[in-house]
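1. return a 3D structure for these sequence lines:
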Amino acid sequence: MHKRHSALFIGLVIAGLIAGAVGCGEKTTPLDTNLLKNSSFEELVDGIPVGWEVNPFKGLDTEIPAEWGVDSERATDGQNSFYFMADKESRRFFTLTQRVEVKDVSRIRIRGDIKTLE
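-> Presented below is the predicted three-dimensional model:
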């Protein structure tokens, strides 16, 4: 196994992503309403949080992939966080996404936590 140095990173996309919406005129969604489904990654199907998608971002199927998954040892909100981990050999990367419909707003606040290791 390769020793992981500064090329190693873990992107902990930790629960706490909040999209707060402030409407023009009459508010239909209260400020600081969490619009994400399963934002603390508690519900899983085949290792992927329900309501989320893991998609290839860069690299070919034949290249060494970054690791990803749910971490139950590190969390800011709830019991879980999501991580991506790669070393200097990794050439295939992924994204974790969720589409959120936001209507009739003038401002949106997006918040999350990212932790890196060297």
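
2. run through the protein and note the low-pLDDT ranges.
-> 1-29, 118 (pLDDT under 70).

3. where do the strands sit along it?
-> Assigned by DSSP state E, the chain shows strands spanning 9-10, 13-14, 20-23, 44-45, 48-49, 53-58, 67-71, 81-86, 93-97, 105-109.

4. could these go into a markdown table alongside mean neighbour count?
-> Just so you know, the C-beta spots here come from the backbone N, C-alpha and C atoms, and that holds for glycine as well. Putting these into a markdown table (neighbours: other C-beta atoms under 10 Å) gives the following:
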| stretch | mean neighbour count |
| --- | --- |
| strand 9-10 | 18 |
| strand 13-14 | 22 |
| strand 20-23 | 17 |
| strand 44-45 | 12 |
| strand 48-49 | 20 |
| strand 53-58 | 12 |
| strand 67-71 | 16 |
| strand 81-86 | 21 |
| strand 93-97 | 15 |
| strand 105-109 | 12 |
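
5. could you dump the ones you listed into a markdown table and include distance to residue 30?
-> Output for these, formatted as a markdown table (distance: least, C-beta to C-beta, whole Å):
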| stretch | distance to residue 30 |
| --- | --- |
| strand 9-10 | 33 |
| strand 13-14 | 23 |
| strand 20-23 | 8 |
| strand 44-45 | 29 |
| strand 48-49 | 24 |
| strand 53-58 | 27 |
| strand 67-71 | 29 |
| strand 81-86 | 26 |
| strand 93-97 | 25 |
| strand 105-109 | 12 |
